[in-house]
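*Asks:* Predicted model and sequence below, questions to follow.
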Amino acid sequence: MELTYYTDYALRVLVYAGLHENKLCLISEIADHYGISENHLMKVVHGLAQGGFVRTYRGRGGGLTLAKDPKEIVIGAVVGYMEGPFKPVECFRPGHWCAIAGACILPGMLDEAFRAFIEVLNRYTLADILERRRHLARRLLAPASPRKRGARKISRPLATT
């Protein structure tokens with residue numbers, strides 16, 4: 001299973017904001033540190049705000065901050081919210097037609113697998129990800145952008161094996 005970029009970027013925004021708990025974060029600085037598009041991040045931050053994971057402040061001096069303590073931000077909840085309904089194959093979609101519908105157990109298997117995936121993620125919070133705060137900050141919060149520093153750019157979304 002592969003998460004969308006939308007969810008991948010959402011998790012990155014939360015990590016960044018978690019490293020700046022006492023400061024408003026700007027989308028432009030998050031984009032710079034991760035080497036990703038500001039336009040994509042604006043949509044992601046909007047989704048995170050709608051889900052209650054971050055608070056956003058408009059205007060001069062605005063930015064974003066975590067809406068909750070990192071211990072209260074459950075990773076499974078973030079992934080579930082950002083990914084939306086799980087529909088990996090046609091038989092999950094309304095109005096589908098399949099010659100083996102009703103006899104095939106694949107939809108049940110996939111649903112069970114997705115629920116297990118989310119169950120594992122529900123055991124972790126943003127605080128767990130931030131445990132190695134010093135190491136994360138050293139890599140992420142360097143003054144220059146990752147591209148300029150020669151750091152490896154993560155170009156693929158998170159994936160499970």
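*Replies:* Sure, I can see it. Numbering: from 1, shown residues only.

*Asks:* Look up how far Met109 lies from Trp97.
*Replies:* 20 Å (Cβ to Cβ, to the nearest Å). Any C-beta I mention is one placed from the backbone N, CA and C, and that applies to glycine too.

*Asks:* Neighbour count: the two, which is higher?
*Replies:* Met109 (10 against 7; other Cβ atoms under 10 Å).

*Asks:* got the contact list for the more buried one?
*Replies:* Listed by Cβ atoms under 8 Å, 6 or more residues apart in numbering, the contact set of Met109 is empty.

*Asks:* Which secondary structure state is assigned to it?
*Replies:* helix (DSSP: H, G, I helix; E, B strand; the rest coil).

*Asks:* now do the one 10 residues further on
*Replies:* Remark: Glu119 carries the secondary structure label helix [criterion: three-state DSSP].

*Asks:* what number of residues lie near it?
*Replies:* 10.

*Asks:* what's the pLDDT at it?
*Replies:* Looking at Glu119, its pLDDT is 95.

*Asks:* Looks like it contacts Gly76 (just checking).
*Replies:* Yes - applying Cβ atoms under 8 Å, one finds Glu119 in contact with Gly76, separated by 7.1 Å.

*Asks:* Show me the strands in the chain, by range?
*Replies:* 54-57, 63-66 (DSSP state E).

*Asks:* In terms of secondary structure, what does the first one contact?
*Replies:* With contacts defined as 3 or more Cβ pairs under 8 Å, 6 or more residues apart in numbering; DSSP states H and E, strand 54-57 has these neighbours: helix 5-19, helix 38-50, strand 63-66.

*Asks:* Of those, which is nearest Ala137?
*Replies:* helix 5-19 (5.4 Å; Cβ to Cβ).

*Asks:* now that closest one against helix 38-50, angle please.
*Replies:* 70 degrees (axes from the mean of the first three to the mean of the last three Cα atoms, to 10 degrees).
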